[in-house]
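> got a sequence here, can you build the structure:
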Amino acid sequence: MLRTQVTWMSTKPCFSASKVASLINMNPYEKVFEVVFDTMARHDVPLCTENVMNGFVELQEKKQLETHLRELVSPFITSQTTVQDLQKIESSMGVLGPLGSQAASYARLRFGQVAEQSTVESLKEQGTYGKGEYKKMEFKHFYLVGQTDGNYNGKVVEIKNRRARFLGVTDYERPQFECYMRLFGVPDLYLCETLKSATGVEQRLTLVESSQELWDTMLQRLTWVAKFMKEVQETPFLQQLEKEDLEVKFHEFIAENAKIKL
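Prediction:
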């Protein structure tokens, strides 16, 4: 295998707050098993050699592609770039053919990064702002980690950049917020939405409160995922399955444990 092995039993899977919604199938924009599979690969769970090789090649190609896209797109995205400008940039990426959608995706990512920095500067002007912090929490079957965007007027703040309108607290973002509140031991936090247009930048602060019911659901589902990863680690038969077949086993495992299909 083309990776340095780690001793699985000496550690537990480490789940990032930003990926929790996907891991528990609450993010409609990411396929749950793709995130689970990537998590297993990062933790060096023994998998089918062909899956590992394909994943290794895909990772190297992705890194090279991201480097090229960054060099191509970054000069076009500045603090003065509006949503309308971004839309024009996205459209122009069509000349790149198959790479057009990936270039447009990176343009959106870069736009968000630049907008977030502008939001931070604005919050500093409006109140007391501190940089984000990293926290790690241990549970029986896994670790949970997260890093916040910052601290505004004494509360954790998470910044989300919106393109067309304010969305408030979405169902697929709420698990991330809940993770931060539990990691930092606070009952609520600020969601700061930023909407950038040709006429300027609008911001909206929303106080998000913790939910015990959601937290219990998250812990239960994350535990199922962690147990599945351990099952793969300890079962040679599962390790040799092709990715598609392993996905079937994943859904069967979840259904058997939870009587629902993630």
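
> do you know how far Ala164 is from Val248?
Ala164 is 38 Å from Val248, where distance means C-beta to C-beta, to the nearest Å. The way it works is simple: take the backbone N, C-alpha and C, and place the C-beta from them, glycine included.

> I misspoke; the intended subject was Lys155.
Applying C-beta to C-beta to Lys155 and Val248 gives a distance of 44 Å.

> what segments of the chain are strands?
14-16, 129-131, 134-138, 143-147, 150-152, 155-162, 188-197, 200-209 (DSSP state E).

> which ones are touching the nearest residue to Arg204 once chain neighbours are set aside?
Computed as C-beta to C-beta, 6 or more residues apart in numbering, the closest residue to Arg204 that is not its neighbour in sequence is Glu193, at 4.8 Å. If you count contacts by C-beta atoms under 8 Å, 6 or more residues apart in numbering, Glu193 has them with Lys160, Asn161, Arg162, Phe166, Leu167, Gly168, Gln203, Arg204, Leu205, Thr206.

> which ones are touching the residue lying closest to Trp215 once chain neighbours are set aside?
Take Trp215 and drop its neighbours on the chain: the residue closest to it by C-beta to C-beta, 6+ apart is Glu178, 5.7 Å away. Glu178 sits next to Ser210, Ser211, Leu214, Trp215, Met218 when contact means C-beta under 8 Å, 6+ apart.

> returning to what we had before: who wins for neighbours among the contacts of Glu193?
Among the contacts of Glu193, the one with the most neighbours (other C-beta atoms under 10 Å) is Lys160, at 23 neighbours.

> how far away is the closest residue to that one other than its chain neighbours from Thr82?
Computed as C-beta to C-beta, 6+ apart, the closest residue to Lys160 that is not its neighbour in sequence is Glu193, at 5.4 Å. Look at Glu193 and Thr82: by C-beta to C-beta, they are 17 Å apart.

> quick one on the thing from earlier: please pick the buried ones from the contacts of Glu178.
Among these, those classed as buried by 16 or more other C-beta atoms under 10 Å are Met218.

> correct me if wrong: Glu158 contacts Phe184.
No. Under the criterion of C-beta atoms under 8 Å, Glu158 is not in contact with Phe184, lying 11.3 Å apart.
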